[in-house]
Structures are given as structure tokens and as C-alpha cells.
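>>> What follows is a predicted structure for the sequence shown.
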Amino acid sequence: MNKTTRFLTDNNPLGLKIIVVATGLALLSLLPLLLYILFGPADGNPIGLGLLAVAGMLLGLVGIVIGIIELLLSLRR
């Protein structure tokens, strides 16, 4: 088992798992735009990649907020 699978299947709090997955989603949605900036043409205009990055970051932010709320509620119990 690799570290990611072990982390997600162990008895870690659900809120922490949600935070990690949401952060990964946000970073993965940003990756195509960063790669285009690094290796794409200098005069390119990556509108679709920018929209993908914005949507992924918003979903990641919502997931992080939900994860923090879940983590705080589970620590309170």
C-alpha cells in the first residue's frame, strides 16, 4: 500500500481527509495552466485552462472549508 492509500484508509479524521483531497483537487486543476505557461507559446491565450483553474480552485476552497468544519465538529465531539 502506498502512503496515499494508507492515509485515506486509516483512522484519520474525515475532515482531514477532505482537506487533503480538496487541496489535491485545487493543485491538479492548476497544473495544466502552469504547464502551459512554462512550455506553451509566448503569445498564447489559455482561456479554457484559466477557467479550469478557477473552477478547480473554487471547488478546492469549498472542500477545504467543509473539511475544516467537519474537523472542528469531530474534535468537539
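Nice, I can see it.
>>> helices and strands of the chain: which one bottoms out on pLDDT?
helix 3-9 (a mean of 81; mean pLDDT, DSSP states H and E).
>>> Low-confidence regions, the protein specifically.
Nowhere does the chain drop to pLDDT under 70.
>>> name the helices or strands packed onto the longest helix that it contains?
Assignment by DSSP state H gives helix 47-76 as the longest helix of the chain. Contacting helix 47-76 under the criterion 3 or more CB pairs under 8 Å, 6 or more residues apart in numbering; DSSP states H and E are the following elements: helix 14-39. The C-beta positions use only the backbone N, C-alpha and C, and glycine is treated the same way.
>>> Show me what the helix it packs on is packed against.
helix 3-9, helix 47-76.
>>> Let me see the contact set for the spatially closest residue to L52 that is not a sequence neighbour.
Spatial nearest neighbour of L52, chain neighbours left out: S29 (5.7 Å); criterion: CB to CB, 6 or more residues apart in numbering. If you count contacts by CB atoms under 8 Å, 6 or more residues apart in numbering, S29 has them with 52-53, 55-57, 59-60.
>>> Recalculate using a threshold of 10 Å.
S29 makes contacts with 49, 52-60, as judged by CB atoms under 10 Å, 6 or more residues apart in numbering.
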